[in-house]
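Student: Show me the folded form of this:
(2 chains)
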There are 2 protein chains.
Amino acid sequence: MSKIWANSGDSHLVEPEDLFTQALPAAVAARMPRSEKDPDGRWETLHIDGKQYRRRLAGGNLVDADGKSVDERAPGANDKELRLVDLDQEGVWGEVVYPSIGIWTSSIEDPVLLRAGCRAINDWAIEYQQSSPRYVCTASIPLLEVADAVAEIERAAGLGYRCAFFPVAVPAPELGWNREAWDPVWAALEETGMVLGFHIGTEPIDADSTTGLYFRGPGGALMNYVETTYGGQRAVTKMIAGGVFDRFPGLKVLVSEGGATWGPFVADRLDEAYRQHGVAVRPPLRRLPSEYLYEHVYASFQHDRSAPMAMTAMGWRNVLWGSDYPHLEGTFGHTQKTLHELFDDVDPESRTRITVGAFAELFPHVPPAPESEY
Amino acid sequence: MSKIWANSGDSHLVEPEDLFTQALPAAVAARMPRSEKDPDGRWETLHIDGKQYRRRLAGGNLVDADGKSVDERAPGANDKELRLVDLDQEGVWGEVVYPSIGIWTSSIEDPVLLRAGCRAINDWAIEYQQSSPRYVCTASIPLLEVADAVAEIERAAGLGYRCAFFPVAVPAPELGWNREAWDPVWAALEETGMVLGFHIGTEPIDADSTTGLYFRGPGGALMNYVETTYGGQRAVTKMIAGGVFDRFPGLKVLVSEGGATWGPFVADRLDEAYRQHGVAVRPPLRRLPSEYLYEHVYASFQHDRSAPMAMTAMGWRNVLWGSDYPHLEGTFGHTQKTLHELFDDVDPESRTRITVGAFAELFPHVPPAPESEY
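Tutor: Predicted coordinates:
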């Protein structure tokens, strides 16, 4: 089978267990997120600043069709060099790399602790990024205080980050992404040229809840998986509706792992609301909502056979493929099969745009991917 | 401009104010849903069995670009004969017609009261349906007791109903549509050949909440409008994930007013979950989830320019157009302009399928629409 090379808009790293104890004073490190796995490996308890959270292990909660966990199927995923061997084998070139423990920083409630934690994670991950120009690591941003967020965005940009990881929602419901209180944050991202990377499934959770389990009963695994996509759609809906892209026209947003076919759908739905409910819409926008989505928003998918048509038939050029490596929802072990199934019947211009071009537009500093062979 | 005729998968009636007092004993009628409008006409208070609910008026909460409310722009919408004049003028042939006050029956908590209310609404609406073969009215079903639901489905089918209106969720969270407790209801729909019609925006509400307002602040109107679509997607996701279509292969489901482009997207997302999370999926399904969605689920949209491509590019043949007449979210007054914008560049077979064919498949008893002129 001929080889297709693709960039990934969605990949992951797991931070080393001793990251916080190595980087921070013992008293501070002890309050940082720490995972404790159940003996059966299916659940973990996260200890965060004196509170405990239970969750199924993200990606590691399951095994693949061969009975292998994430650690077993991709043992090199967390090694700077072995990871490149996996990527070369799969045909993945550049990667947007999200944190793992860093996702849980959104459950920290003390701004001082959060600031220290994000700095420690970012100081570690930038070394990973520096080991290969193919890694686009994402900076964790302390979002409890706007001033802290701005400061860490600027510091991270200075370190070399090109993408900031944001959860799809913050713990304070009065601080949705539609609120003007975030304007200094958008300004900092725009000025530093950082892409805003929303990863789905990162809604804040209550200490006594079990994250990711919205539904129970028959079909629960399927229902909960579908539900995870809506948070990413909401995040960009809020930014568009709040007029963020009128005020910050240089801002680019990537929604990772939530699929891509929803883009034209949400764009059309926003336009219908804007025209039919016009008298109730505030603030007024300079252009139709769909224009902001088509221009400023990008999204990555793994297997969705309809996703290429969001570009080829519906005209949304910001569709990215993503591997979700090394997670079980991703394509590791069958990347080439998936890429061929998705793209063999797609015209070359669209195929190039989705597999490598949209990513290259967001991260032009990454060297070009090798030519695909057909 | 040449005339395009289309069937509508989403239209509305308003029941007369004296429906319950005419049909029921005074003590029962007094507990039924009753609307009281604010003097400014923007909000209403619904009195239901001693409780009060505040809401913005559905469709009537707003005015169109000419400053007209629903009552002012389509004064004939509730008159059996004048309505046909409007439909002829707009180029709308057959219609799935949802109730208005009937939607609020899902807030009744007393099964005996609910049973009486649904019977009264259905006895009234069937007369409306009988006035023209173009009206496909939807039967309101008492869902507090499974046995009541089954009995009213069978009674409604006997009266001549071909479609049952269901809210996208019931008040009891332990009774999601994925639960086997609903099997007698699915069986009754399948045996009677009734189409199940979910109308979006019908989630049950708490007595002290304001329905339809999920978000506040800048952009709230747009954000809330997008949010309403997800309930319809969840409803069919639950049915597919729960294996309903394996057990009831004759069942057909229509999701009205929520758009249609989400169909292929949800199908792909379900397939990804089914394959990648396979070991956690219960019950196992006989086919891939997408096959049930593509075969058993239909959806209607009004203006979405991407919706025809859900069929032409993504292969989902169950896309229906809908007018949402007489609501402000709909196309009244610009139906022909909208139909031409949507379909002038669509191949004839797909255009026919979306404008009239999918509807005719669900409701073959409706006489065929006049030929469109191009």
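Student: alpha carbons only for contacts and neighbour counts from here, please
Tutor: Fine.
Student: which residue does the stretch 51-200 of chain A bring closest to chain B?
Tutor: residue A:178 (6.0 Å; CA to the nearest CA).
Student: burial count for that residue?
Tutor: 26 (other CA atoms under 10 Å in any protein chain shown).
Student: show me what contacts the closest residue in space to it that isn't next to it in sequence?
Tutor: Leaving aside its chain neighbours, residue A:178 sits nearest to residue A:242 (4.2 Å; criterion: CA to CA, 6 or more residues apart in numbering or on different chains). Residues in contact with residue A:242 (CA atoms under 8 Å, 6 or more residues apart in numbering or on different chains) are A:177-180, A:283, B:218-219.
Student: can you do 10 Å?
Tutor: Neighbouring residues of residue A:242 by CA atoms under 10 Å, 6 or more residues apart in numbering or on different chains: A:176-180, A:236, A:282-285, B:217-220, B:222-223.
Student: Out of the residues you listed, which is nearest to residue A:373?
Tutor: residue A:236 (35.5 Å; CA to CA).
Student: one step back: over to the residue of the stretch 51-200 of chain A closest to chain B: give its phi and psi.
Tutor: For residue A:178, the backbone dihedrals are phi -80, psi -10 (criterion: degrees, to the nearest 10).
Student: okay but it is in contact with residue A:238, surely?
Tutor: Yes: counting by CA atoms under 10 Å, residue A:178 does reach residue A:238; the two are 4.7 Å apart.
Student: Mutual contacts of these two, please.
Tutor: Common contact partners of residue A:178 and residue A:238 (CA under 10 Å, 6+ apart): A:244, B:215, B:217-220, B:223.
Student: neighbour-wise, which of those leads?
Tutor: Of all those, the highest neighbour tally under other CA under 10 Å goes to residue B:223, namely 28 neighbours.
Student: How about the host helix or strand of it and chain A, touching?
Tutor: Taking DSSP states H and E as the definition, residue B:223 sits inside helix B:220-241. Yes: judged by CA under 10 Å from any CA of the partner chain, helix B:220-241 and chain A are in contact via B:220-227, B:229-230, B:233-241.
Student: could you flag which of the residues you listed are buried?
Tutor: Neighbour-count burial (16 or more other CA atoms under 10 Å in any protein chain shown) is assigned, among those, to B:220-227, B:229-230, B:233-241.
Student: ok so, going back, quick check: the farthest pair among the shared contacts of residue A:178 and residue A:238?
Tutor: A:244 and B:215 (16.5 Å).
Student: for chain A, what spans make up the strands?
Tutor: Secondary structure of chain A by DSSP state E: the strands cover A:6-12, A:34-37, A:43-48, A:51-56, A:92-98, A:135-140, A:163-167, A:195-199, A:253-256, A:297-301, A:319-321.
Student: Those into a markdown table, with extra columns for mean neighbour count and mean pLDDT?
Tutor: A markdown table is the format used below for those (neighbours: other CA atoms under 10 Å in any protein chain shown; pLDDT from 0 to 100):
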| stretch | mean neighbour count | mean pLDDT |
| --- | --- | --- |
| strand A:6-12 | 27 | 97 |
| strand A:34-37 | 16 | 84 |
| strand A:43-48 | 20 | 84 |
| strand A:51-56 | 18 | 78 |
| strand A:92-98 | 26 | 98 |
| strand A:135-140 | 28 | 97 |
| strand A:163-167 | 25 | 96 |
| strand A:195-199 | 24 | 97 |
| strand A:253-256 | 27 | 98 |
| strand A:297-301 | 26 | 98 |
| strand A:319-321 | 32 | 98 |
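Student: Output these in JSON lines; the columns should cover distance to chain B.
Tutor: Below are the strands of chain A laid out as JSON lines (distance: least, CA to the nearest CA, whole Å):
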{"stretch": "strand A:6-12", "distance to chain B": "16"}
{"stretch": "strand A:34-37", "distance to chain B": "19"}
{"stretch": "strand A:43-48", "distance to chain B": "13"}
{"stretch": "strand A:51-56", "distance to chain B": "11"}
{"stretch": "strand A:92-98", "distance to chain B": "19"}
{"stretch": "strand A:135-140", "distance to chain B": "25"}
{"stretch": "strand A:163-167", "distance to chain B": "18"}
{"stretch": "strand A:195-199", "distance to chain B": "16"}
{"stretch": "strand A:253-256", "distance to chain B": "14"}
{"stretch": "strand A:297-301", "distance to chain B": "10"}
{"stretch": "strand A:319-321", "distance to chain B": "13"}
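Student: Turn the ones you listed into TSV, columns for distance to residue A:118.
Tutor: Output for the strands of chain A, formatted as TSV (distance: least, CA to CA, whole Å):
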stretch	distance to residue A:118
strand A:6-12	17
strand A:34-37	14
strand A:43-48	14
strand A:51-56	19
strand A:92-98	13
strand A:135-140	5
strand A:163-167	11
strand A:195-199	16
strand A:253-256	20
strand A:297-301	25
strand A:319-321	27
